[in-house]
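S.K.: Sequence first, then the predicted structure, then my questions.
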Amino acid sequence: MKTKHFTPVFLFLFFTVYASFAFQEVPVSQAGQVSASFEHNDDGFQFTSPDEKHQLQIQGRIQFRFATPYDAHPVSMDELVRDAQSVFKINRARLKIGGYSYQPWLKYYLEYDVSGSRLLDYHIMVEKFPWLKLKLGQWKAEYSRERSISSGEQQMMDRSIVNRPFTLDRQQGVSLYGHLDGPGAADINYNLFVLTGNGRGRGENDDDKLMYAGRFQWNVLGDGVSVSGSDLEYHGKPAASLAWAGATNTSQFTRFSSSGGGNLEGYEEGVPGQYKVEQWLLETAFKYRSLSVHGEYHQKSIADMVNNDLREMNGWFGQAGYILNNRQPEDKALVELAMRYAQFRPDVELPQDIQEEFSLAVNCFFNKHLNKLTADVTLFEFDSMDQDASGWRFRLQYDFSF
């Protein structure tokens, strides 16, 4: 279905589902109940059928952003030294619909990018057993913690420069996952994926090889770290996790984003099955008494099967944040100071080819991540064999969910 035709169909389905909850008939034996129950919580507007066999949650989110002298992370020397172009825009506008039908463990989720007119996520989850769950559809593969955290719940305003070259992003396929809740430190989360490996909106593979990926997370202290930035919950006891993930894929792409499959700098648009990509990561996360720490190390190799070329790249980042007034009354805004250092090496055989990011951010949470103001300042430094360049960037963002 073409994008321009999708929006009215999507809205029609949305209001049809809404009406089915709001105006459904109730048996005479349930006197006094005339419609679905309704409430508003952190997941948005929630409707539940009288028999509690169906639940629908609807949430909207808008991000307003100002940036100067540019917004997006530079990916080359030319972009780093380009002419200044201040930006004021709606950075994101999302509509999220989730819930369950027939059984509380038979769940569904859709996310629509209103500003970009594209369907980002649509999947069904069978979650009857905590240790064995099933997901079908399209979603952000839970490969790295940085990418898995929603853009509305990040500690920093954007993900690091490491995310772009290493994320699996949104894919179509199937996943088995679960939580093995053993005693003490015997606490593990796992995810196993079989995906098309062609990115968002591509249900067909370009060859006979699929993407295979897996993630294993050890919750060191017996409890996992919530998949969100900042210690807004104020962990009275420390929570920590260590994770390993890996993926292999053969396709015409060397990178993925919310726009779908694409290619890193230095790679031309490929033919089916041209690039064999193998990658892995190590990751850690920690939260305790307003302090939150997060770090990842990534490694990736790209074999060009047409031009008989092999390149290896790596990257890592570390970030930490501290909420200055987390013990204040609940009606007070929370203020957090956060910082990050990230490094990306596009080719490990070129030791002088390094991209670095130094970021400092201030968050003001009026209602957790649902209503917050963020300001950040970033220094980028790019070094190569023949030239060096650096540049500063300032941004201000207001994020509001309803």
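M.R.: Structure received.

S.K.: distance between the ends of stretch 195-208?
M.R.: Its start and end residues considered, stretch 195-208 measures 12 Å (C-alpha to C-alpha, to the nearest Å).

S.K.: Contacts for that stretch, please.
M.R.: 118-120, 138, 141, 168-174, 209-213, 249-253, 256-262, 272-273 (C-beta atoms under 8 Å, 6 or more residues apart in numbering). C-beta here means a position set from N, CA and C on the backbone, and glycine is covered the same way.

S.K.: mind listing what's buried in that stretch?
M.R.: Buried residues in stretch 195-208, counted by 16 or more other C-beta atoms under 10 Å: Leu195, Thr196, Gly197, Asn198, Gly199, Arg200, Gly201, Arg202, Asn205, Asp206.

S.K.: that older thread, now the contacts of stretch 195-208: which count as buried?
M.R.: Neighbour counting with 16+ other C-beta under 10 Å marks 118-120, 138, 141, 168-173, 210-211, 213, 249-253, 256, 258, 260-261, 273 as buried within the contacts of stretch 195-208.

S.K.: Now intersect those residues with the strands, please.
M.R.: Using DSSP state E, the subset of these located in strands is 118-120, 138, 170-173, 211, 213, 249-251, 256, 260-261.

S.K.: on that earlier part again, could you dump the buried residues of stretch 195-208 into CSV and include pLDDT?
M.R.: As requested, the buried residues of stretch 195-208 are exported to CSV (pLDDT from 0 to 100):
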residue, pLDDT
Leu195, 96
Thr196, 94
Gly197, 92
Asn198, 92
Gly199, 90
Arg200, 90
Gly201, 86
Arg202, 82
Asn205, 80
Asp206, 76
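
S.K.: Check what pLDDT Val26 gets.
M.R.: Listed pLDDT for Val26 reads 42.

S.K.: Numbering from 415 from now on, please.
M.R.: Fine by me, first position is 415 from now on; the one you just mentioned is Val440.

S.K.: Leu546 touches His593, doesn't it?
M.R.: No - using C-beta atoms under 8 Å, Leu546 makes no contact with His593, being 9.7 Å away.

S.K.: On the strand side of things, show who Ile716 bridges to.
M.R.: Val691, Arg725 (DSSP bridges).

S.K.: Which strand or helix spans the closest residue to Lys714 other than its chain neighbours?
M.R.: Nearest in space to Lys714, with sequence neighbours left out and distances taken as C-beta to C-beta, 6 or more residues apart in numbering, is Gln693 at 3.9 Å. Per DSSP states H and E, Gln693 falls inside strand 689-702.

S.K.: cool, and Arg561?
M.R.: Arg561 belongs to helix 559-562 when assigned by DSSP H and E.

S.K.: Who are the packing partners of that helix?
M.R.: Secondary-structure packing of helix 559-562 (3 or more C-beta pairs under 8 Å, 6 or more residues apart in numbering; DSSP states H and E): strand 705-718.

S.K.: now the helix or strand following the helix holding Arg561, how far from the centre of its chain.
M.R.: Using DSSP H and E, the helix or strand that directly follows helix 559-562 along the chain is helix 577-580. Offset of helix 577-580 from its chain centre (C-alpha atoms, centre = their mean, to the nearest Å): 12 Å.

S.K.: Send me helix 577-580 as CSV with only the CA atoms.
M.R.: Output of helix 577-580 as CSV, limited to C-alpha atoms (Å, rounded to 0.1, in the frame of the first residue of the first chain):
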residue,chain,number,x,y,z
ASN,A,577,24.2,3.9,16.9
ARG,A,578,24.0,4.7,13.2
PRO,A,579,26.6,2.2,11.9
PHE,A,580,25.7,-0.6,14.2
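
S.K.: elements contacting it?
M.R.: Applying 3+ C-beta pairs under 8 Å, 6+ apart, we find helix 577-580 packed against strand 669-671, strand 705-718, strand 723-737.

S.K.: Could you pull up the contacting residues of Leu606?
M.R.: Leu606 neighbours (C-beta under 8 Å, 6+ apart): Ser589, Leu590, Tyr591, Ala627, Gly628.

S.K.: again, 10 Å this time
M.R.: Val588, Ser589, Leu590, Tyr591, Gly592, Tyr626, Ala627, Gly628, Arg629, Phe630 (C-beta atoms under 10 Å, 6 or more residues apart in numbering).

S.K.: Next: Leu774.
M.R.: So Leu774 contacts Met570, Leu751, Ala752, Met753, Arg754, Ala789, Asp790, Val791, Thr792, Leu793 (C-beta under 10 Å, 6+ apart).

S.K.: Going through the residues you listed, which ones are buried?
M.R.: For these, a burial check counting by 16+ other C-beta under 10 Å picks out Met570, Ala752, Met753, Arg754, Asp790, Thr792.

S.K.: Before I go, just wanted to say thanks for your time.
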